[in-house]
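Asks: 3D model of this:
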Amino acid sequence: MNARIALLLALALPLAARADFTGKVIKIGVLNDQSGLYADLAGQGSVTAAKMAAEEMGGKIGDANIEVIFADHQNKADVGSNIARQWIDVDGVDVIVDVPTSSVALAVAGVVKEKNKVFLASGPATSDLTGKACTPNTVHWTYDTYALAHTTGTAEVQSGGDTADYAFGQALERDTTAVVSAAGGKILGGVKHPLNTTDFSSFLLQAQSSKAKVIGLANAGGDTINSIKAASEFGIVKGGQRLAGLLVFITDVHALGLQTAQGLLLSESFYWDRDEKTRAWSKKFGARMGGKMPSMVQAGVYAAVLHYLKAVKALKSDGDGKAVVDQMKKLGTDDPAFGKGTIRADGRKMHPMYLYEVKAPSESKGPWDYYKLKKEVPANEAFRPLDKGDCPLVAAAAK
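Replies: Numbering: from 1, shown residues only. Next comes the predicted model:
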C-alpha cells in the first residue's frame, strides 16, 4: 500500500508542476481604432508592438503558443464591449490590450472584470481607470489625464499665466483645471466639441477672443491635428497666444509637420530617441512599419504585453486574470521602451513623464527628430498619489 501511494505521488508531482494555459494558447486581443482618428497613434502599429513582445518571449510559453488578434472598436463603447465579450466567451482571448477612447476602455474594463481576464490599457487617457473605476483586472500603463495635466498644465501656468481649456475629454479637462487652479492660473473658459470634428473655427474663435495667454487643447489624434492646423490658419500663435497640446502624439506632429507644430509643448511617457535602448527598439519597430517611429501608445502596448507574458510564465497559468495582474504587480517591470518601473495596487504603471517642445525645422537633424527635452518629471510627481484616487483596491490592500 505504502509503495503504491509513493508511486502515485511520484507520478502526480510532474503533473502539478506543468503549466496550465487555457486552450493551450495564450491569446492576446489588440482592440483599438483601426480606421478612424486614432488609427495612426494606435491601429496596426499596436498590433505590431504586441507581436514584437510575443516574439521576444519566443512565441510560446511552455507548450502554449502566443497568438495576437485584433479588432476595430470604432470608438464606440457598445461595439468595444461586444467585441470583448465575443473574444472572451467564444474566441478564448486571455488579455485585451490598448483600447484608446476612454469611454470604450471603461466599458471593456467592466467586461474584463466580470469575466476575470486581463485588461492592459495603453491607449485610454482617463485617470478614472485607476480611480473610482479601478478593477483588480486592469493595468493602466502608458499615461493618464492626471499625468498629462501635471506635466503640461503646470508648465504652461509657470511659463504663461492664464489658461483657457477647450476640451472634449471630461477627465482631462477636470484634471487640468485642478492643476491650473492650484498653480495660481485662471481658467477663462471652456467649450466642448464632438469627437472627430472637421471644422474647429467656431471653437477656436471663442478661444482667441478669450484673450487667454494659453489655449489648452484637450483632444487627441485627428482632432488635435485639425485643431492645430486651424489655429495656424487663424494666426492664433502669431497673434501672441500659445497652444498647449494636453494630449499630443509624435504621429500628430509628423502629420502636422514641424513648420506648423514648432514650439508646441507636450507631454510624453515615451520618445523613440530618448536613449540607446529606446532607439534600438524603435528602429526594429520602424523596420516593420515602413520607417514610422512608435507612438507612446504603441510602445506601451509592447511593454505591457511583455510584462504580462513574464507574469504568465512565472505563474505557469493564464486562466485567473486577477492572479495574473497580482503577479504583474509583484514583479518589477523592465523593458527597453520605459526602463525599470512598478505597478501600484490601483493598477497604475509608474514611470517618469517628459515635457518636450517641438523643434523648429532648422533644429531637426532628420526624419522623426521632432522633440527637445524640457523637463523630466519623476513618476511619484507625475501620477496621482495612491491615496487620492478613491480606488477601492487601495483601501483593501491597506487592511
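Asks: contacts for stretch 326-341 next, please.
Replies: Here stretch 326-341 makes contact (C-beta atoms under 8 Å, 6 or more residues apart in numbering) with 136, 139, 269-270, 277-278, 280-281, 294, 299-300, 302-303, 306-308, 310-312, 314-315, 342-345, 349-351, 379. No exception for glycine: its C-beta is placed from N, CA and C like everyone else's.
Asks: tell me, please, where in this structure the pLDDT is lower than the cut-off.
Replies: 1-19, 22-23, 153-200, 207, 210-212, 216, 218-222, 398-399 (pLDDT under 70).
Asks: middle-most residue in it, spatially?
Replies: By C-alpha atoms, centre = their mean, the chain has its centre lying nearest to Ser122, at 2.9 Å.
Asks: contact partners for that one?
Replies: Here Ser122 is in contact with 46, 97-99, 141-142, 297-298, 300-301, 304 (C-beta under 8 Å, 6+ apart).
Asks: and the contacts of stretch 326-341, which are buried?
Replies: Using 16 or more other C-beta atoms under 10 Å as the burial test, the contacts of stretch 326-341 include 136, 139, 269-270, 278, 281, 294, 299-300, 302-303, 306-308, 310-312, 315, 343-345, 349-351, 379 as buried.
Asks: sort out for me which of those residues are in helices.
Replies: Judged by DSSP state H, the buried ones among the contacts of stretch 326-341 include 278, 281, 299-300, 302-303, 306-308, 310-312, 315, 379 as members of helices.
Asks: please produce JSON lines containing those residues, extended by distance to Lys115.
Replies: Converted to JSON lines, these look like this (distance: C-beta to C-beta, whole Å):
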{"residue": "Thr278", "distance to Lys115": "34"}
{"residue": "Trp281", "distance to Lys115": "32"}
{"residue": "Ala299", "distance to Lys115": "27"}
{"residue": "Gly300", "distance to Lys115": "23"}
{"residue": "Tyr302", "distance to Lys115": "24"}
{"residue": "Ala303", "distance to Lys115": "24"}
{"residue": "Leu306", "distance to Lys115": "23"}
{"residue": "His307", "distance to Lys115": "21"}
{"residue": "Tyr308", "distance to Lys115": "16"}
{"residue": "Lys310", "distance to Lys115": "22"}
{"residue": "Ala311", "distance to Lys115": "18"}
{"residue": "Val312", "distance to Lys115": "17"}
{"residue": "Leu315", "distance to Lys115": "18"}
{"residue": "Ala379", "distance to Lys115": "30"}
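Asks: show me where the stretch 1-150 of the chain has helices.
Replies: With helices called from DSSP state H, counting those that start in this stretch, the stretch 1-150 of the chain shows them at 2-17, 43-56, 77-86, 102-115, 145-148.
Asks: just the stretch 151-300 of the chain next, same as before
Replies: 154-160, 170-182, 201-209, 222-233, 250-256, 258-261, 276-288, 296-315.
Asks: those: which one's closest to Met52?
Replies: In terms of C-beta to C-beta, the element of the helices of the stretch 151-300 of the chain nearest to Met52 is helix 296-315, at 5.6 Å.
Asks: tell me what that closest one is packed against?
Replies: strand 25-32, helix 43-56, strand 60-61, strand 95-98, strand 118-121, helix 276-288, helix 321-330, strand 333-335 (3 or more C-beta pairs under 8 Å, 6 or more residues apart in numbering; DSSP states H and E).
Asks: which one, of the ones you listed, ends up nearest to Gln259?
Replies: Of all those, helix 276-288 sits nearest to Gln259, with 22.9 Å by C-beta to C-beta.
Asks: deepest of the helices of the stretch 151-300 of the chain, which one?
Replies: Greatest average neighbour count among the helices of the stretch 151-300 of the chain goes to helix 296-315 (a mean of 26), per mean count of other C-beta atoms under 10 Å.
Asks: report the inter-axis angle for that one versus helix 276-288.
Replies: 100 degrees (axes from the mean of the first three to the mean of the last three C-alpha atoms, to 10 degrees).
Asks: fine by me, we can end here.
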